[in-house]
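J.: Pasting the sequence and the predicted coordinates here, then a few questions.
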Amino acid sequence: MIVLLVFAALAGAGTALSPCVLPVLPALLSASGVGGRRRPLGIVLGLSITLAVTIVGLANVVGGIGLGNDPLRDVAIVVLLFFGVTLFAPALAARIEAPLSRLARFGPRSTGDGFRSGLLVGAALGFVYTPCASPILAAVISVSAATGRTISLAIAYALGSAAVLLLLALGGRRVFDRVRRAGRGPALQRVLGAIMIVTAVLLATRVDVNFDQFVAEDIPNVNLTAQLECSRTITGRLHEITGHHAKFVPANGSSACGSSSSVSKLTAAGPSASQATLLADARQLPHVGAAPEFTGTQRWFNTPGGRPLTLASLRGHVVLVDFWTYTCINCIRTLPYLKAWDAAYRKDGLTIVGVETPEFPFERDAGNVENAVQQFGLRYPVVQDNEMGTWNAYGNEVWPADYLIDAEGQVRYAAFGEGDYSKTETAIRALLAQTGAHVGAYGHATGVIVPSEVATPETYLGTARAEGWLHAPAEGRHDYGAAPNAELSLNEFAYSGSWKIAQQPAEALAGAGIDVEFKAKNAYLVLSSPGERPLPVRVLLDGRPIPASEAGADVHHGVVSVRRQRLYWLVSLKGDQRHHLALRFAPGVSGYAFTFG
């Protein structure tokens, strides 16, 4: 734990030196440059307290620790604007501070002039301080509730960041003191006030959010502690936070740390590869460890009599364990390849087992899973993993994830996400050749959906994981007013009408709608209907009913008929394009998550 605490502090310090700090740095320096000598300390302390509380209490570190459109962010903007105006207009500041000065006698006098006001400004800055979260923080939020360990890591991270920010604030103050001694104090104060006002305006218009997205997507190596956090010293200890070991992949599961060693050493073999070549490929695949048994599972599908399978009973076979869930578009796009491999290599000794680990509550329903298995035409065994027993046994962290097991029960290959299909198939053929099988032609995947190269990020309709909303969804019944007249920014979502929103689902009430400005080839939305009654959702593209040539497979005459709880395909374009998508819901329809690709 001590190693993780040290790393958390270093990660915090690295964050404070990264480009992600730029949106709040002007306000930090401006606020520290005025007031008493202890004001910088108050500012950094207030920011650190807010940051630590945010990490532990709100755990919103996906793409940063900011609160998006949360009301606390709005309060922070008001505070910054208030202090900026008082600095820019000294006469107004004097009138405001006069009545407040009487309260000073109730506070301790040893803290130094400016300390209390610094705490307030710092706390406000903490709500808009959006660092690039490192895998150590991803591990923190994987814990379902705050523990002593998560609190300790959050405090260490905040202190590491605070140390660097305090040095920056003190350095800036020394520069400003020189300007004052040159007789330009009043002008400097107005300039610093103007900077705080401009910062508040930029935050109100979400410029900082767009900047953070740019940093994350377009500035390589932005995380100054990347090499450290990808080291075995750190990744080997993350189980102390997550509660389980990631056995066959890097423990943090981050693409920043590269793919697993089993993936990186294998090259795709051509269709004419000889048996000797395949055997040589098999020898290149490392023995990663013994494969865990299927555990904590529920109903089995596509097995004789619905009887459970065990890895022990499959000894002698090559087994591909595929973690998926039936509403995950990334998982759905891998199914044509899995079906092709099952058809091509089952006779040679390959057994594919789909482990359906649910993301949403309705994916736990055996009837829904059975419908999905039939809908996708899956012939290989599928098992429900509702309690994540097998998921945790593998230390798995993503959908989809594939683990290839040899005839001796050893994991020899692991792959996350989409892609690398030719490498995976080469590994399958190599391990089958190792059993003595003479594999024939490659599998032929049909109905493949090629994802967009650059697409709008996924988001959720409930409060738990909502990202990118014009006005953040709030739990309970709320009327979000009319559909937005002004043009939305790219990747921005907006509710309209009345909704009943919970942590995961959002149920449409009277006049319910959603608008989104997206860029992708395809757009999908997980929907359900009470009692599987068919309920309509109108689909409009750029203000008009979507034409058949651009409609997804589930849209007919501009309408989706929602019945079963599943992923619905709304938009299908010829290439990556930017459009305005508007959905108008019948009351009773529930939505869960948007996906684009």
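T.: Perfect, thanks for sending it. Numbers count the residues shown, from 1 in each chain.
J.: Output the lowest mean pLDDT helix or strand found in the protein.
T.: When each helix and strand of the chain is scored by mean pLDDT, DSSP states H and E, helix 261-264 comes last, with a mean of 42.
J.: need the next SSE after that one, C-terminal direction.
T.: Counting by DSSP states H and E, the next helix or strand C-terminal to helix 261-264 is helix 275-284.
J.: chain center to that next one: distance?
T.: 38 Å (CA atoms, centre = their mean, to the nearest Å).
J.: and what of stretch 499-514?
T.: Chain-centre distance of stretch 499-514: 22 Å, with CA atoms, centre = their mean.
J.: Could you give me the buried positions within it?
T.: 499-501, 504-509, 511-514 (16 or more other CB atoms under 10 Å). C-beta here means a position set from N, CA and C on the backbone, and glycine is covered the same way.
J.: Equivalent analysis for stretch 531-546, please.
T.: By 16+ other CB under 10 Å, the buried positions in stretch 531-546 come out as 535, 537, 538, 539, 540, 541, 546.
J.: and the second one, what element?
T.: Per DSSP H and E: residue 537 is located in strand 535-541.
J.: what residues does the helix or strand following that strand touch?
T.: Per DSSP H and E, the first helix or strand lying C-terminal to strand 535-541 is strand 544-545. Contact partners of strand 544-545, identified using CB atoms under 8 Å, 6 or more residues apart in numbering, comprise 538, 539, 557, 558.
J.: so what's the closest residue in space to residue 582 that isn't next to it in sequence up against?
T.: Leaving out its chain neighbours, the residue that sits closest to residue 582 by CB to CB, 6 or more residues apart in numbering is residue 540, at 4.2 Å. Neighbouring residues of residue 540 by CB under 8 Å, 6+ apart: 546, 558, 581, 582, 583, 584.
J.: Mind giving me the packing neighbours of the helix or strand hosting the fourth one?
T.: So that's residue 582. Residue 582 is part of strand 566-585 when elements are defined by DSSP H and E. For strand 566-585, the packing partners by 3 or more CB pairs under 8 Å, 6 or more residues apart in numbering; DSSP states H and E come out as helix 366-375, strand 513-528, strand 535-541, strand 555-556, strand 559-562.
J.: Quick one, which of those gets closest to residue 115.
T.: strand 513-528 (44.5 Å; CB to CB).
J.: you'd agree residue 51 is up against residue 128?
T.: No. The pair formed by residue 51 and residue 128 falls short of the contact definition of CB atoms under 8 Å, at 10.7 Å.
J.: What pairs with the strand holding residue 537, parallel or antiparallel?
T.: strand 544-545 (antiparallel), strand 559-562 (antiparallel), strand 566-585 (antiparallel) (DSSP bridges).
J.: what's the closest of the contacts of residue 540 to residue 413?
T.: Using CB to CB, residue 581 comes nearest to residue 413 of these, at 38.7 Å.
J.: That closest one touches residue 555, doesn't it?
T.: No. Counting by CB under 8 Å, residue 581 stays clear of residue 555, with 11.3 Å between them.
J.: who touches both of the two?
T.: Common neighbours of residue 581 and residue 555 (CB under 8 Å, 6+ apart) are 539, 570, 571.
J.: so who does residue 280 touch?
T.: With the criterion set at CB under 8 Å, 6+ apart, residue 280 makes contact with nothing.
J.: a strand runs through residue 488, doesn't it?
T.: No. According to DSSP: H, G, I helix; E, B strand; the rest coil, residue 488 belongs to no strand; its state is coil.
J.: Check the gap between it and residue 469 for me.
T.: 10 Å (CB to CB, to the nearest Å).
J.: between those two, who's got more neighbours?
T.: residue 469 (20 against 17; other CB atoms under 10 Å).
J.: Thought residue 496 was touching that one, still the case?
T.: No. Counting by CB under 8 Å, residue 496 is not a contact partner of residue 469; they are 11.8 Å apart.
J.: Assess the claim that residue 463 and residue 469 are in contact.
T.: No. Under the criterion of CB under 8 Å, residue 463 is not in contact with residue 469, lying 10.0 Å apart.
J.: quick one: furthest residue from the center of this structure?
T.: residue 183 (50.4 Å; CA atoms, centre = their mean).
J.: re earlier: any chance of the shared contacts of residue 581 and residue 555 in CSV, with distance to residue 27 too?
T.: Formatted as CSV, these follow (distance: CB to CB, whole Å):
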residue, distance to residue 27
539, 43
570, 41
571, 40
